[in-house]
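Peer 1: 3D model of this:
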Amino acid sequence: AQCARSSTALCLQKTETLSRAQMLQLKRVVHLLVCWQRRQHRRSRSTAATLWNLAVESLSASTSTPVVPRRSFGSGQWLRSAEAIQAYESASAVSRGIVLEAATRVWCVSDVHADVRTNRDWIDALEPQPDDALVVAGDVATGLNVLAQVLRTLRTKFKHVFYVPGNHELWAAHDVNNSVDKLFRILELCDALGVHTSPAFVGDDLLVVPLFSWYRRYGSAHAGALECFDAACKWPWCTTSLDDRVADFFTALNRGTLDWVDQHRADAELISFSHFVPRLEDLFPGFVAFRHIMGCPDLDRQVERLQPNVHVFGHSHINVDELIGSTRFVQNALGHPSDGNAEAATLTPLLIWTNPASSP
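Peer 2: Alright, predicted model coming up:
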């Protein structure tokens, strides 16, 4: 704010041509630059004005898609969840609010389970949509190499790719310390590939918000055999994926994002997405016993806070497209061949948003 006040007179004519989303990006860039200058003990009025001018000219001249900021979370055992949450927030604050080039349409898919060869073939055969964005709501692959291969392929087919990990991605193999360490490695991989795992504006009128999520035991009942669900995950602070501390961890990872959206959404339309299922009573028509491993009330409250136009989810492999209140809830899961879903052979990404500016 001090930087803006000190240079408003110098930059007024230039900033008149910037959109609201570009102005948001501009202020974020200038804030980072000024923080750096302060660390260098140079706080002059002329320096602030110069930084503002440079940032305005850079945004005005650029027509390319911004590079995803590269985060580094470090590696470790993460024996305390609070340390992992702090590491995520410290690294991720800079990644929120990137302003991307407008897309013509937004599509969605989930649960592509590309560790299976036939599903990888399905991904390879997708028709390119170079003017559009794709939302991928988790369970892409367990292996990091396969995950990287799939995300690279999707990046060649779509202008923008948004993604959030599912439970299968967090199965911990011998090459990672634990599932938290693997989560951070996945987020670093996405940054390197230009895949978006933080909120970003797509043009001026659309904000896309990924939400981390997990499941929580449904009610007070014992989950029976499901107490061992996702046994391949390895949590540094507990022994089972149904431990409440796992759901608490993923819920806490979203707090900074939710606060950021509250401040910056303005009048933009909003698409949010998670891997796990919100509003179980409405959106999970499967066996009641499976609700233990489908979602949790924390996710419901966070989606309610966002009030999205569309919320995409996955996990249950039960496809739905339902309007509840003012929000369209969508699952469009490819699923696993063992599901026996005859519709999977003809499934394609589902259209969830069309840019009003592109309508005839």
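
Peer 1: residues near Val140, how many?
Peer 2: Val140: 30 surrounding residues under other Cβ atoms under 10 Å. Heads up, the C-betas are built off the backbone N, CA and C, glycines and all.

Peer 1: brain fart, Asp321
Peer 2: Going by other Cβ under 10 Å, the residues that sit close to Asp321 add up to 11.

Peer 1: and what of Gly325?
Peer 2: 8.

Peer 1: Val246 too?
Peer 2: Neighbour count of Val246, defined by other Cβ under 10 Å: 24.

Peer 1: nearest residue to it in space, ignoring adjacent ones along the chain?
Peer 2: Leaving out its chain neighbours, the residue that sits closest to Val246 by Cβ to Cβ, 6 or more residues apart in numbering is Trp214, at 5.3 Å.

Peer 1: got it, and Asn355?
Peer 2: Thr104 (5.4 Å).

Peer 1: how far away is the one you found from Pro130?
Peer 2: 9 Å (Cβ to Cβ, to the nearest Å).

Peer 1: more neighbours, those two?
Peer 2: When Thr104 is set against Pro130 and neighbours are counted by other Cβ under 10 Å, the residue ahead is Thr104, at 17 against 10.

Peer 1: what are the ranges of the helices in the protein?
Peer 2: Assigned by DSSP state H, the chain shows helices spanning 2-15, 20-39, 45-61, 81-92, 117-124, 144-157, 179-193, 244-253, 255-264, 280-283, 297-306.

Peer 1: nearest residue to the middle of the chain?
Peer 2: Pro210 (2.8 Å; Cα atoms, centre = their mean).

Peer 1: can you pull the pLDDT of it?
Peer 2: The model reports Pro210 with a pLDDT of 98.

Peer 1: hmm, Thr197 and it touching each other?
Peer 2: Yes. Between Pro210 and Thr197 there is a contact at 5.5 Å, judged by Cβ atoms under 8 Å.

Peer 1: okay, and the common contacts of the two?
Peer 2: Listed as contacting both Pro210 and Thr197 by Cβ atoms under 8 Å, 6 or more residues apart in numbering are Phe162, Tyr163, Val164.

Peer 1: contact partners for the last one?
Peer 2: Listed by Cβ under 8 Å, 6+ apart, the contact partners of Val164 are Val136, Ala137, Gly138, Thr197, Pro210, Leu211, Phe212, Ser213, Phe273, Ser274, His275.

Peer 1: one more time with 7 Å
Peer 2: Contact partners of Val164, counting by Cβ atoms under 7 Å, 6 or more residues apart in numbering, are Ala137, Gly138, Thr197, Pro210, Leu211, Phe212, Phe273, Ser274, His275.

Peer 1: any idea how far Gln86 is from it?
Peer 2: 20 Å.

Peer 1: next up, the contacts around Val109.
Peer 2: Val136, Asn332, Leu334, Pro349.

Peer 1: can you rerun that using 10 Å?
Peer 2: With contacts defined as Cβ atoms under 10 Å, 6 or more residues apart in numbering, Val109 is in contact with 122-123, 126, 134-137, 140, 154, 312, 314, 331-334, 347-350.
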